[in-house]
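**Student:** Pasting the sequence and the predicted coordinates here, then a few questions.
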Amino acid sequence: MKKVYIYHGFERFWHWTQASLIIFLALTGFEVHGSFSMLGFEAAARYHRVASWMLIALIVFAIFWHFVTGEWRQYLPTSKKLKDQVLYYAFGMFKGSHHPTRKTELSKLNPLQRLVYLGFKLVLVPVTIISGIFYMLHKTIDQNNIVVVEDVPLANIAFWHTLGAFLLIVFLIVHVYMTTTGHTPTSNIRAMMTGYEELEEDDELSGEKQKSTTKKQKEQR
Ligand code: HEM
């Protein structure tokens, strides 16, 4: 096993801040929804709006970071070994089988993670944020006395926003469970905290190989 620096500083900051904001938004959002009472409706609605702007700002920085560093490539979907990965999570890992895919610095995500995280970033989060913005702007009046977001019924906006909120909570629960399926139950969580993860020596080598292949490909271009 060799220690490899796999998660960069911004990536860890973004991951934990996003997780905290989503949990806070879920708590305040469901208080607004009337599911329970803790801060009181007024305060919950106010904090929900403040946290939502913080999440939007964080995501803008994260999008910038993904493109500047080229890390967006980690999320390119692939069907190669996708079935093996599903079978591993469904049966293999309970029988002590080996992970069907190898984690390297240049390929941190297995085929199933790529697909799920891509859906999270391109569908689930945008649906929740866009419906949230529509919620905020619904029937508000702008500087020119024009009513903003008038044509979309509030019930539709509330439906999409609440659906997004439920799915985000489901994602969170499954995600936390899946983090325990690494080399040890806490190795993935510790890696996201420290940046370093213990990978098999071969993993590192295949990472190096990939690195030089990518370099060669770039040179050829
Ligand atoms: C940038 C993202 C978000 C924005 C702009 C936003 C905005 C809003 C707004 C404006 C409301 C209506 C309450 C009010 O007037 O303050 C609301 C309600 C709500 N939000 Fe969000 N929100 C966002 C993210 C989230 C997230 C991540 C969750 C949960 C994981 C969430 C869960 C809820 C729930 C459950 C409600 C109550 C819906 C209802 O009962 O109709 N929101 N949100």
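**Tutor:** Good, I have the coordinates. Residues are numbered from 1 along each chain as shown.
**Student:** what distance separates the start and the end of stretch 169-187?
**Tutor:** Separation of the first and last residues of stretch 169-187 by C-alpha to C-alpha, to the nearest Å is 23 Å.
**Student:** tell me which parts of the chain are close to the ligand?
**Tutor:** 22, 25-26, 29-30, 32-33, 45, 48-49, 52, 55-56, 128-129, 132-133, 135-136, 158, 161-162, 165, 168 (C-beta under 6 Å from any ligand atom). (C-beta placed from N, C-alpha, C; glycine too.)
**Student:** Correct me if wrong: Leu58 contacts His15.
**Tutor:** No - using C-beta atoms under 8 Å, Leu58 is not in contact with His15, being 10.3 Å away.
**Student:** mind listing what Ala26 touches?
**Tutor:** Ala26 is in contact with Ala165, Leu168, Ile169, Leu172, counting by C-beta atoms under 8 Å, 6 or more residues apart in numbering.
**Student:** hmm, I was thinking of Ile23
**Tutor:** Leu172.
**Student:** any idea how far the helix ranked longest in the chain is from the chain center?
**Tutor:** Counting residues, the longest helix found in the chain (DSSP state H) is helix 41-69. For helix 41-69, the distance from its own C-alpha centre to the chain's C-alpha centre is 13 Å (C-alpha atoms, centre = their mean, to the nearest Å).
**Student:** Number the chain from 39, please
**Tutor:** Renumbered: residue one is now 39, and that last one reads helix 79-107.
**Student:** average pLDDT across that helix?
**Tutor:** In this model, helix 79-107 has a mean pLDDT of 98.
**Student:** Regarding His136, what is its secondary structure?
**Tutor:** Under DSSP: H, G, I helix; E, B strand; the rest coil, His136 falls in the coil class.
**Student:** Show the model's pLDDT score for it.
**Tutor:** Reading off the model, His136 has pLDDT 89.
**Student:** Weed out the non-buried ones from the contacts of Ala64.
**Tutor:** Ala203, Leu206 (16 or more other C-beta atoms under 10 Å).
**Student:** pLDDT, distance to Thr116 and secondary structure added to the contacts of Ala64, as JSON lines?
**Tutor:** Shown next, in JSON lines, are the contacts of Ala64 (pLDDT from 0 to 100; distance: C-beta to C-beta, whole Å; DSSP: H, G, I helix; E, B strand; the rest coil):
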{"residue": "Ala203", "pLDDT": "98", "distance to Thr116": "30", "secondary structure": "helix"}
{"residue": "Leu206", "pLDDT": "98", "distance to Thr116": "25", "secondary structure": "helix"}
{"residue": "Ile207", "pLDDT": "98", "distance to Thr116": "28", "secondary structure": "helix"}
{"residue": "Leu210", "pLDDT": "98", "distance to Thr116": "25", "secondary structure": "helix"}
